[in-house]
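Peer 1: Kindly generate the corresponding structure for this input.
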Amino acid sequence: MSANPAFLAKLAVIGLALVNVGLLTVLMRQRRRRGAGADPSLPAAAGACAALSLAAWLLTAGLGRLIAYV
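Peer 2: Presented below is the predicted three-dimensional model:
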């Protein structure tokens with residue numbers, strides 16, 4: 001494994017993004033089981049997961065660019 005801190009941070013952020021996807025999947029499955037499928041509005045947690053996902057993948061791209069310079 002590389003000792004490059006940017007690479008290690010990138011792996012950590014990817015792990016966070018994957019946990020976020022798992023959390024969103026569980027959230028939406030529970031919502032479907034409760035019969036909320038007819039309600040077109042998404043819960044606030046889904047919006048938070050979407051924002052976290054976008055931030056995590058943008059940070060991953062930025063950290064990927066930094067690997068060469070650190």
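Peer 1: for this protein, what are the low-confidence residue spans?
Peer 2: For the chain, applying pLDDT under 70 flags the ranges 1-2, 36-41.
Peer 1: residues contacting the residue most central in space within the chain?
Peer 2: Nearest to the mean C-alpha position of the chain, by CA atoms, centre = their mean, lies residue 17 at 2.8 Å. The neighbourhood of residue 17, defined by CB atoms under 8 Å, 6 or more residues apart in numbering, consists of 52-53, 56-57, 60. The way it works is simple: take the backbone N, C-alpha and C, and place the C-beta from them, glycine included.
Peer 1: rerun at 10 Å
Peer 2: Counting by CB atoms under 10 Å, 6 or more residues apart in numbering, residue 17 touches 52-57, 59-60.
Peer 1: can you check residue 66 too?
Peer 2: With CB under 10 Å, 6+ apart, residue 66 has these contacts: 4-7, 9-10.
Peer 1: Next, format those residues as JSON lines and append secondary structure and neighbour count.
Peer 2: Putting those into JSON lines (DSSP: H, G, I helix; E, B strand; the rest coil; neighbours: other CB atoms under 10 Å) gives the following:
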{"residue": "4", "secondary structure": "coil", "neighbour count": "15"}
{"residue": "5", "secondary structure": "helix", "neighbour count": "12"}
{"residue": "6", "secondary structure": "helix", "neighbour count": "17"}
{"residue": "7", "secondary structure": "helix", "neighbour count": "16"}
{"residue": "9", "secondary structure": "helix", "neighbour count": "17"}
{"residue": "10", "secondary structure": "helix", "neighbour count": "20"}
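Peer 1: still on that earlier bit, if we only consider the contacts of residue 17, which is nearest to residue 21?
Peer 2: residue 53 (7.0 Å; CB to CB).
Peer 1: and the closest one, what does it touch?
Peer 2: Counting by CB under 10 Å, 6+ apart, residue 53 touches 16-18, 20-21, 23-24.
Peer 1: This completes my enquiry, with thanks.
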